[in-house]
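**Student:** Model the following, please.
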Amino acid sequence: MWIDFINFKIRPLEGFLIKDKKATLTEEASKMALADLEIVMNELNHHMKLRSFMVLHSVTLADLYLILNLYPFYNYVFDDKKKQSFPYVTRLFSYVSKLSIFTDLFNNDKEEENKNKN
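**Tutor:** Okay, here's the model as predicted:
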């Protein structure tokens, strides 16, 4: 169930919202995709309200897969105010993204971003 949620509700929106590691929020299709993403994020936030993890009581593949798929949105689309509107998902995202399995991946992306700015 969780893999279908990610594959059919979250992943398809990435192509409409992110191009070349930048948010594309000006096109009509992008605006519609962002509205759809907000609905999906609210649904996910509601699920996470009384849970620390997607399933069970510790980090599972479901959490890792979710965060991997949310990363482009958290990195390129959502500003801090938008992230705060999904507090339970953001809590999970912050926790899981700091795990050693992801720190290299996320830090490498930030290092690449910093090189491009200079």
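**Student:** Give the residue spans of the protein that score low on pLDDT.
**Tutor:** Under the criterion pLDDT under 70, the flagged ranges of the chain are 107-118.
**Student:** gap between residue 28 and residue 16?
**Tutor:** Distance, residue 28 to residue 16, using CB to CB, to the nearest Å: 10 Å. Just so you know, the C-beta spots here come from the backbone N, C-alpha and C atoms, and that holds for glycine as well.
**Student:** who's more crowded, the two?
**Tutor:** residue 16 (18 against 7; other CB atoms under 10 Å).
**Student:** hmm, who's touching the helix or strand that contains the more buried one?
**Tutor:** Here residue 16, judged by DSSP states H and E, is contained in helix 11-17. Applying CB atoms under 8 Å, 6 or more residues apart in numbering, the contact partners of helix 11-17 are 23-25, 27, 29-30, 32-34, 36-37, 40, 69, 72-73, 76-77.
**Student:** do the same with stretch 73-89
**Tutor:** So stretch 73-89 is contacted by 10, 13-14, 17-18, 21-23, 25, 34, 37, 41-42, 44-45, 48-49, 51, 70, 90, 93, 97, 109 (CB under 8 Å, 6+ apart).
**Student:** next one: stretch 25-40
**Tutor:** Residues outside stretch 25-40 that contact it (CB under 8 Å, 6+ apart): 9-10, 13, 16-17, 24, 73, 77.
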